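Asker: what follows is a predicted protein model with its sequence.
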Amino acid sequence: MEIAPNVHWLETTSSNVYLVVEPPNIVLIDASMPRQQGAIFDFLRQVGYQPTDLTHILVTHADMDHVGSLAAVQAASAAQVMAGADSAQLINRGKSPKHMPAVVQWIIDTFMKYGAVAQETIAVFKDGDTLPFLGGLQVLATPGHTLDHFSFFSPSTGVLFTGDALNTRNGRINLTPPRITADQTAARRSATRLLQLSPTVIACGHGTPSTNHTRDDLTQLLNSLQ
Ligand SMILES: [Zn+2]
């Protein structure tokens, strides 16, 4: 579904992925759980492109439900992966960042690995960078849910890709629950930074992307974070 001009949303098992279609650039944002490459490639074809047309894959953070199919999609497309330095290290080892309750974290660390991505296919971005998509896509460090977390904002279109810094899981814009948040104070600070951008489209990692919120909705959440 097209949620903004040239921005398409696909809900895969447990998480959202997005495509920014600006030929010659075809950009995927996040890569879902393992074994979702088929769904991602079908999504590309629906929009009129082949796997080999994909040019870039942006990573919000290295949780398995956001990078699970990254290696498979990268291998089939030869796309340039772009990630923060900490995410890059994790996806190079097929590891997830620590932020779950202890038992769940142990299970993840012990049993749940995803396909690792070769270092040479990853370009590292940092806070303050601007990527050449959607009229200049700002790279924002938004640690909290995980410490390696980044979001992306396009001022000219108002589209904000939040990963798990914000979600609409319960039908309204909110932060991830404290039990799966690595640093609650940082998460609130990051959410504040994002809400102050007054995005018109909140393309979140979980839940339906928000396209019809008002400024008041954002202000209300902002005030609750103070
Ligand atoms: Zn996450």
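Answerer: Looks like it came in fine.

Asker: near the ion, which residues of this structure show up?
Answerer: Counting by C-beta under 5 Å from the ion, the residues of the chain close to the ion are Asp63, Asp164. In this view, the C-beta of every residue, glycine as well, is placed from N, C-alpha and C.

Asker: what are the ranges of the helices in the chain?
Answerer: Taking DSSP state H, the helices of the chain run over residues 37-46, 64-67, 70-77, 85-93, 102-111, 184-195, 215-225.

Asker: what sits against Val59?
Answerer: Val59 makes contact with Asp30, Ala31, His66, Val67, Leu70, Val81, Met82, Ala83, Gly84, Ser87, Ile91, Phe150, according to C-beta atoms under 8 Å, 6 or more residues apart in numbering.

Asker: now, of these, which are buried?
Answerer: Burial by neighbour count, 16 or more other C-beta atoms under 10 Å: within the contacts of Val59 this picks out Asp30, Ala31, His66, Val67, Leu70, Val81, Met82, Ala83, Gly84, Ser87, Ile91, Phe150.

Asker: just give me the neighbour total for Pro51.
Answerer: Pro51 is flanked by 18 other residues according to other C-beta atoms under 10 Å.

Asker: wait, it touches Gln74, no?
Answerer: No: using C-beta atoms under 8 Å, Pro51 is not in contact with Gln74, being 10.2 Å away.

Asker: right, and Ile173 touches Gln220 too?
Answerer: No: counting by C-beta under 8 Å, Ile173 sits too far from Gln220 to count as a contact (9.4 Å).

Asker: and these two? Which one has more around it.
Answerer: Ranked by neighbour count (other C-beta under 10 Å), Ile173 and Gln220 place Ile173 first, with 23 against 14.
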